[in-house]
Structures are given as C-alpha cells and as structure tokens.
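In: predicted model and sequence below, questions to follow.
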Amino acid sequence: QLVESGGGSVQFGGSLTLSCVLSGFTSDDYAIGWFRRAPGKEREALSAITSGGHTLYAESVKGRFTISRDNYKKTMYLQMNSLKPDDTAVYYCAARFGPISTKSESYDYWGQGTQVTVSS
C-alpha cells in the first residue's frame, strides 16, 4: 500500500514536499516513481528513484523537483520548488520491483493521489 500526503494550494513560485509512505513491502529492492495527471491531460512521469538512489527526472521538472527516499522509514519524497500553475495536478507515487522506469504501465502499486494546486 502506498499513501501520499503533502499536497495543497500554493502560489506561483512556492514550494511543497510530497511524501509517499509504503507499507507491506518486506524488501527495499523497488523503484519509486512520481507521476501526475492534470485535468484533460494524460498521466505524466516526473521522476523515479532506485533502491540505491539513482534518479531520473522529466525535463519539465528537472532543476525544480527533487526525489529522495528513506528506506528505513519506507518513505519517499518529492520536493517541489518554483511551482508554476502548469504544475497543478493530482500527484501519484508508484512502486515496482525491478529496474527504474518512467513508464507508468510498468508500475504495479499506486497511491491514491494528492492534489497540488498552484495559483498565479
């Protein structure tokens, strides 16, 4: 089970940190991905991280978002800075056992999503 938190409403240029707590995972050998879906748009891959800390970022968030994980706490984070109205979406974390991936269809476990709204 994955549970996201940390969403909310911020103004242009603001910051938020999303958290994703995992339960029921007995191994740390999984990759985590963060995705978002804006109204009327397809789901977009934002970032992913392996158990060893290797990361990938989409160009749209590179330099503004930072993904991290605390394997002991089984918690993953997405630090989001310099937020823009285009970042408004429902944000999801997902997990998969295997190599890092930015393809949503390769992830087996998903959180319920948390809303992020950025006003201008």
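Out: That came in fine, so what should we check first? These numbers come from a predicted model, not from an experiment. Numbering: from 1, shown residues only.

In: distance of the spatially most central residue of the chain from residue 26?
Out: Taking CA atoms, centre = their mean as the criterion, residue 34 is the residue nearest the geometric centre of the chain, at 2.5 Å. As for residue 34, its distance to residue 26 is 23 Å (criterion: CB to CB, to the nearest Å). Every C-beta, even on glycine, is put in place using the N, C-alpha and C of the backbone.

In: residues in contact with the nearest residue to residue 81 once chain neighbours are set aside?
Out: Spatially, and ignoring its direct neighbours in sequence, residue 81 is nearest to residue 15 (4.7 Å; CB to CB, 6 or more residues apart in numbering). Remark: with contacts taken as CB atoms under 8 Å, 6 or more residues apart in numbering, residue 15 is in contact with 79-83.

In: go with 10 Å
Out: 64, 79-83 (CB atoms under 10 Å, 6 or more residues apart in numbering).

In: what do you get for residue 94?
Out: Counting by CB under 10 Å, 6+ apart, residue 94 touches 2, 20, 30-35, 43, 45, 48, 76, 101, 104, 106-111.
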